[in-house]
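Sequence first, predicted model second:
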Amino acid sequence: MYKKDSMNPCPDCKTNLEPWEVTCHNCDTVVSWEAVPIIVGASDHSKELQEAFENWLSGAKLDLSQGRYEQAAAACVEALKRLKGLANQEDKEVELRKMLAETLEHASKFSEAAEQYLLLSQAATSLELQETFTQKAHELKQFSVDLAFVAPQSNNFEPLLVEEKPLVPLYCGNCKRLLNEGEIYGFRKGVAATARCLCGFEGQPLSRHDAKHMHALQEAAQLHGRKAKLIEAASKEYAHGKQRTTAALLAIFLGVWGIHKFYLGERNACFVYILFSWTLIPWLIALFEAVNYLSMSPVTFNLMYNIDLVLKDIPPEPLAGPAHDEVFSMETTEDPEDFIDELSGVTSR
């Protein structure tokens, strides 16, 4: 128990405060935002600080799981302040600060998140982590500058451009309401020429050049970049992987027993072929599959049957773009194989 002369008084009502109190329990005055109160001459209070830290951390995780990002960020800050009063907690501080940075991203506070990543880079134990956190901080700072640049146009509604159609949030041309994805799915996919709003308006939607609009375009560019890397990796020949020609030959000569399915890792299908091997049906199906394997592009075949090798060839991407839960891409393609071939520049052979 602390003695009264070792406790800090509230600046307003002069009530003696415990060291972990953020607000005065008597008058609710905020007494700590930036640091743990320092009590001169007080006895060891690590147990109370540890308990307060765990309470704030639990609150932050609960808020984060329920999508209350600003509250979660505030709770992380309070947990960090209490953690600083405990000894030998460097690992926990790095983990908590990383959680704070990610939470600030979700809350679209990109400048504040960048500051946290800079602090993480200073505390990084390896050069690789230091570079990762530094680059992340740079990206977020640049993103916050870009958002500030488009802020004066945030209320402008403009006609929709063709390339924006499958990507950005769309608004009613009459009441300017944000249309939900169910209302505009047919329009995005190209099945319908117009979109219909609840207000009764039916026509071309509008786009709004705000932060959501810009983030959707940047997210689409990042996604296309990741797809391009995937296609580039899948275009390679994998000597130690499964081969189209081998699969086709097995289907022609041993397809009645499903040996080609076993070779491709589809063992359950192999057992079905064996079960019906006394008929000609498995062999006829296998002949059709042999033609299909040979007509596949290398990219399509590798993505279906050598995906583990393809993923190993793709460089890791620890730096995701700024998080945003309200915007997502509805970009669609008519046929997955056509899309793959178009990106890779590989024709079927």
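Happy to help now that I have it. Residues are numbered from 1 along each chain as shown.

Where does the closest residue to H240 other than its chain neighbours fall, secondary structure wise?
Once flanking residues are discounted, H240 sits nearest to L309: 7.5 Å by Cβ to Cβ, 6 or more residues apart in numbering. Glycine gets a C-beta too; all of them are placed from N, C-alpha and C. For L309, the element it lies in under DSSP states H and E is helix 307-312.

from the chain's centre, how far out does that helix sit?
Relative to its parent chain, helix 307-312 has a centroid offset of 21 Å by Cα atoms, centre = their mean, to the nearest Å.

Likewise for stretch 190-201?
Taking the mean of its C-alpha atoms, stretch 190-201 sits 30 Å from the chain's own mean (Cα atoms, centre = their mean).

gap between the two ends of it?
By Cα to Cα, to the nearest Å, the extent of stretch 190-201 from end to end equals 19 Å.

Could you list the residues in contact with that stretch?
When contacts are defined by Cβ atoms under 8 Å, 6 or more residues apart in numbering, stretch 190-201 is touched by residues 170, 172-175, 177, 179, 183-184, 186-187, 202-205, 332.

try it again with 10 Å
Under the contact criterion Cβ atoms under 10 Å, 6 or more residues apart in numbering, stretch 190-201 has outside partners 160, 165-166, 170-177, 179-180, 183-188, 202-205, 332, 334.

hmm, which of those are the buried ones?
160, 165-166, 170-173, 179, 183-184, 187-188, 205 (16 or more other Cβ atoms under 10 Å).

Could you pick out which of the residues you listed are located in helices?
Where those overlap with helices, as defined by DSSP state H, the overlap consists of E183, I184, F187, R188.

just the helices in the chain please.
When secondary structure is read from DSSP H, the chain shows helices at 46-65, 69-83, 90-106, 110-123, 127-150, 181-189, 211-234, 244-254, 259-263, 267-275, 281-295, 298-305, 307-312, 336-344.

would you list the ones you listed in TSV and tack on mean pLDDT?
Formatted as TSV, the entries for those read as follows, by pLDDT from 0 to 100:
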stretch	mean pLDDT
helix 46-65	85
helix 69-83	86
helix 90-106	85
helix 110-123	84
helix 127-150	74
helix 181-189	87
helix 211-234	78
helix 244-254	93
helix 259-263	93
helix 267-275	92
helix 281-295	93
helix 298-305	91
helix 307-312	88
helix 336-344	49
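
Output the buried ones among the contacts of stretch 190-201 as CSV; include the columns distance to K227.
Shown next, in CSV, are the buried ones among the contacts of stretch 190-201 (distance: Cβ to Cβ, whole Å):
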residue, distance to K227
L160, 23
K165, 18
P166, 14
L170, 23
Y171, 28
C172, 31
G173, 32
L179, 26
E183, 27
I184, 23
F187, 23
R188, 18
P205, 26
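
between these, which is nearest A221?
Relative to A221, the closest of the buried ones among the contacts of stretch 190-201 is P166; by Cβ to Cβ it sits at 13.2 Å.

Next, find the distance separating the closest one from V191.
For P166, the distance to V191 under the criterion Cβ to Cβ, to the nearest Å works out to 12 Å.

cool, and S207?
Here the distance between S207 and V191 works out to 20 Å (Cβ to Cβ).

neighbour count winner among these two?
Set side by side, S207 and V191 show unequal neighbour counts under other Cβ atoms under 10 Å, the larger going to S207 at 21 against 8.

Just list the residues touching that one, thanks.
With Cβ under 10 Å, 6+ apart as the criterion, the residues that contact S207 are 156-161, 164-165, 167-171, 213, 216.

Generate a ChimeraX selection restricted to the buried entries among these.
Typed into ChimeraX, the next command selects the buried ones out of those (criterion: 16+ other Cβ under 10 Å):
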select :160,164,165,167,168,169,170,171,213,216
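
Against Y305, how distant is Y293?
Using Cβ to Cβ, one obtains 9 Å as the distance from Y293 to Y305.

Identify the contacts common to those two.
Each of K242, Q243, R244, A247, L264 lies in contact with both Y293 and Y305 under the rule Cβ under 10 Å, 6+ apart.

how does the protein divide into domains?
According to automatic domain parsing, the chain is divided into the following domains: 44-149, 157-209, 227-349.

Kindly check the end-to-end length of the second one for me.
The reference is to domain 157-209. This stretch, domain 157-209, spans 7 Å end to end (Cα to Cα).

Buried by neighbour count: which residues of stretch 284-292 qualify?
By neighbour count with 16+ other Cβ under 10 Å, stretch 284-292 contains the buried residues I285, A286, E289, A290.

could I get these as CSV with distance to G225?
Supplementary listing: the buried residues of stretch 284-292 in CSV, determined by distance: Cβ to Cβ, whole Å:
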residue, distance to G225
I285, 39
A286, 39
E289, 34
A290, 36
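
helices or strands up against the helix holding L309?
Taking 3 or more Cβ pairs under 10 Å, 6 or more residues apart in numbering; DSSP states H and E as contact, the helices and strands that helix 307-312 lies on are helix 211-234, helix 298-305.

Any chance of CSV for those, columns distance to I314?
Below are these laid out as CSV (distance: least, Cβ to Cβ, whole Å):
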stretch, distance to I314
helix 211-234, 5
helix 298-305, 12
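
most tightly surrounded among those?
Burial of the helices and strands packed on helix 307-312 is given as mean neighbour count (mean count of other Cβ atoms under 10 Å); helix 298-305 ranks first at a mean of 21.
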